[in-house]
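Q: sequence and predicted structure are below.
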Amino acid sequence: MKIALLIMLLSFNAFALEFQNARVRLLPPSTPATGVFVDIINPHDFDVTLVKAKSSRAKRVELHTHIKENGMMMMREVPKIIIPAKGSTQLKPGSFHIMLIGLTKPLKLNEEIPITLVFKDHIKEQVIKPTVQKIKRH
Ligand SMILES: [Cu+2]
């Protein structure tokens, strides 16, 4: 049993993803929602699907994208974001992002906001710690 558990733990670690440039947009304290952006790199030879994000700093956390509707950019919730095999997906302004809705307290510049990302396909969960930064609009 111990050997089986060890193999499970090793394979769990082997299927980690890489994260770069993780950041949360600083907004005025009265703003109830903000965006989280991160580059997700998938070094594996299978596609990985982000299906959910969680954070204790917000009442709701949603996966979003931007679409153009009637000439206006609108945000829409999406059920998943795919990171292709041997590729990467950038969560960035004007594109896919994670939305923190109903912040439990105002964000401070340079503060770390732990966010748990939930994946399908061997990866399960990974925690990122984006820092609060001033980010330009797209
Ligand atoms: Cu959004």
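A: Cool, got the structure.

Q: which helix or which strand is home to the residue most central in space within the chain?
A: Nearest to the mean C-alpha position of the chain, by CA atoms, centre = their mean, lies residue 98 at 5.2 Å. Assigned by DSSP states H and E, residue 98 belongs to strand 97-103.

Q: so which bits of that strand are buried?
A: Buried residues in strand 97-103, counted by 16 or more other CB atoms under 10 Å: 97-100, 103. C-beta: built from backbone N, CA, C; applies to glycine.

Q: going by distance to residue 42, which of these wins?
A: Of all the buried residues of strand 97-103, residue 42 sits closest to residue 98, with 16.9 Å by CB to CB.

Q: measure the closest one to the ion for me?
A: 8 Å (CB to the ion, to the nearest Å).

Q: residue contacts, that residue?
A: Residues in contact with residue 98 (CB atoms under 8 Å, 6 or more residues apart in numbering) are 35-38, 53, 61-64, 91, 115.

Q: how about the strands in the chain?
A: Counting by DSSP state E, the chain has strands at residues 18-25, 33-42, 48-54, 58-69, 72-77, 81-83, 87-91, 97-103, 115-119, 125-128, 131-133.

Q: of these, which shows the lowest average pLDDT?
A: Note on these: strand 72-77 shows the lowest mean pLDDT, a mean of 91.

Q: list the contacts of residue 54.
A: Residue 54 touches 61, 115-116, 118, counting by CB under 8 Å, 6+ apart.

Q: out of those, which is nearest to the ion?
A: Nearest to the ion out of the contacts of residue 54 is residue 61 (CB to the ion; 10.6 Å).

Q: around the ion, pick out the residues from this structure.
A: 64, 75, 99 (CB under 5 Å from the ion).
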